[in-house]
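Enquirer: A structural model of the following input is requested.
(4 chains)
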Protein chains: 2
Amino acid sequence: MSIDLKAALLEEYALVARAMSAPARLMLLEQLAQGPRGVEGLADKTGLTIANTSQHLQTLRRAGLVTSCRNGKSVIYSMRDDKTLVFMELLRVLAERNLAQVEKILRQLSEGANGLEALSRDDLAARITQGAVTILDIRPADEFAMGHIPGAVNISLQDLELLLPDLSPEADIVAYCRGPYCIYAHQAVATLRKHGLNARRLDGGLPEWRADGRKVATA
Amino acid sequence: MSIDLKAALLEEYALVARAMSAPARLMLLEQLAQGPRGVEGLADKTGLTIANTSQHLQTLRRAGLVTSCRNGKSVIYSMRDDKTLVFMELLRVLAERNLAQVEKILRQLSEGANGLEALSRDDLAARITQGAVTILDIRPADEFAMGHIPGAVNISLQDLELLLPDLSPEADIVAYCRGPYCIYAHQAVATLRKHGLNARRLDGGLPEWRADGRKVATA
DNA sequence: CAGACATTCAATGATACACTTGAATGATGT
DNA sequence: ACATCATTCAAGTGTATCATTGAATGTCTG
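Expert: Below is the predicted model of the structure:
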């Protein structure tokens, strides 16, 4: 009897872990960390089919990581709370700490930004009050619209090259994107530095900035 | 290309989560949280076959959650670091926070200890210095021998009834076991309270006590 | 160096999961 | 009430995982 209880408990714990054990669901969670969205929107963003997206979302809901509510015809999913974000962060730390594989991948991403550490959010906040820092938000326009760091300029990776002439080598540039799972900012910094600009990556993305309780601009 | 990198990254993160998504591996991790052990010992403790245990352990090692080193003929596995413990704790919090299922199971375990909260480790430490607290370690003798809270008395669930006559209703009793995933202490407290004794469960088990940096006695 | 032992590897069958396709549900708005 | 739309369900297929069995590996001991 108590054996059964123990097994049932472990099964429940495993359920939560299993919910995060599929890359597709991690993508969905990352997307939901940007803000609530409907099924179709999530499917577009992640490139999954609608039915598949719905199925994964239900797995996440069963694990208690996301909640859903109806809004008109569509069902809006959103992250349940910040605990999920913390869990993802810890998962990332474990993976990067433990797996040489990840380090290798990240090194490839950071080529051109050799050994430059990410700027902490505290530091960025300080520099903002001092003025004289250019903040680049490397995310799709719709995600930028749902919330961004005050004063940030929205620019896609594709259009980044167009912006290069406007940036002076003396300018202090900080780039961010969706968060730790997102590689846009990595790539943007690599591009910028390749062109001799003084660019650094922000530690964490908008969800982390928001979770810190900092001000978020909407447009 | 960058799509591939992103996919590879997510795959690595998912690998770590997947490592914790099997009840058998959670059992192994809980066991390893008590202290290092060989494959055969782990197989005995968990009831898995040797080969199966070995296979799960390699999954955990690939995810970087455990390390192994050879000692004579046998291979000793141990938890890689406290980060794994923190991750498990967070997994537990998420599961218990989110799943009504878990709450129901835990309620079944705690019947008889109605609504009595677990005693914090800080509180226990304070009471120890004041003396006048009976600490029961509800784990197998060999795990007790590998480390236990100073002053604790080792008693199995089976033998607990034999100890009842020696305990006075005025005594302040605190029971602990392997940790949050373990239900021994829950059951012990239920039994004790059913007999009118003043028993409470410690929050966390020996691994958490040790991770706090507190003194651990060995036999 | 050979035997003994603990662990790991390899192959099998059973189960579960991811993704696709097509149909069913259920709320909305005319 | 009916048509419409987004979402969900259900069935099917291919792949991955788990547990078991028996063999192979690698390390100590005589």
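
Enquirer: care to break chain A down by domain?
Expert: A:2-83, A:113-211 (automatic domain parsing).

Enquirer: Go through these and name the closest to DNA strand D.
Expert: Among the domains of chain A, the nearest to DNA strand D by Cβ to the nearest atom of the strand is domain A:2-83 (3.2 Å). All C-beta atoms are positioned from the backbone trio N, CA, C, and that covers glycine.

Enquirer: Does the closest one reach DNA strand D?
Expert: Yes: applying Cβ under 7 Å from any atom of the strand, one finds domain A:2-83 touching DNA strand D at A:38-40, A:50-51, A:54-55, A:57-58, A:68, A:73-75.

Enquirer: Any chance of the domains of chain A in JSON lines with mean pLDDT as columns?
Expert: Shown next, in JSON lines, are these (pLDDT from 0 to 100):
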{"stretch": "domain A:2-83", "mean pLDDT": "93"}
{"stretch": "domain A:113-211", "mean pLDDT": "92"}
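
Enquirer: Might one say that residue A:6 is in contact with residue B:183?
Expert: Yes: judged on Cβ atoms under 8 Å, residue A:6 makes contact with residue B:183 at a distance of 5.4 Å.

Enquirer: Please say which of those two ends up with more neighbours.
Expert: Using other Cβ atoms under 10 Å in any protein chain shown, the more surrounded residue of residue A:6 and residue B:183 is residue B:183, with 23 against 18.

Enquirer: Please report the distance of the more buried one from DNA strand C.
Expert: Computed as Cβ to the nearest atom of the strand, to the nearest Å, the residue B:183 to DNA strand C distance reads 23 Å.

Enquirer: Next: residue A:161.
Expert: Counting by Cβ to the nearest atom of the strand - residue A:161 and DNA strand C are separated by 32 Å.

Enquirer: Tell me how many other residues surround that residue.
Expert: When counting by other Cβ under 10 Å, one arrives at 11 neighbours for residue A:161.

Enquirer: tell me how far the host helix or strand of it is from the chain's mean position?
Expert: Following DSSP states H and E, one finds residue A:161 within helix A:160-163. Centroid displacement of helix A:160-163 relative to its chain, using Cα atoms, centre = their mean, to the nearest Å, is 22 Å.

Enquirer: Any part of that helix near chain B?
Expert: No: Helix A:160-163 does not reach chain B (Cβ under 8 Å from any Cβ of the partner chain); its nearest approach is 13.1 Å.

Enquirer: Give me the residues contacting that helix.
Expert: Helix A:160-163 has contacts (Cβ atoms under 8 Å, 6 or more residues apart in numbering or on different chains) with A:136, A:138, A:155, A:188, A:191, A:192.

Enquirer: what's near enough to touch the third one?
Expert: With contacts taken as Cβ under 8 Å, 6+ apart, residue A:155 has the following neighbours: A:136, A:137, A:138, A:163.

Enquirer: run the last query once more with 10 Å
Expert: Applying Cβ atoms under 10 Å, 6 or more residues apart in numbering or on different chains, we find residue A:155 in contact with A:136, A:137, A:138, A:139, A:141, A:144, A:161, A:162, A:163, A:175, A:188.

Enquirer: could you flag which of the residues you listed are buried?
Expert: Neighbour counting with 16 or more other Cβ atoms under 10 Å in any protein chain shown marks A:136, A:137, A:138, A:139, A:144, A:175, A:188 as buried within the contacts of residue A:155.

Enquirer: And residue A:86, how far from residue A:144?
Expert: Applying Cβ to Cβ, to the nearest Å, the value for residue A:86 to residue A:144 is 24 Å.

Enquirer: Check residue A:35 too.
Expert: Distance from residue A:35 to residue A:144, by Cβ to Cβ: 11 Å.
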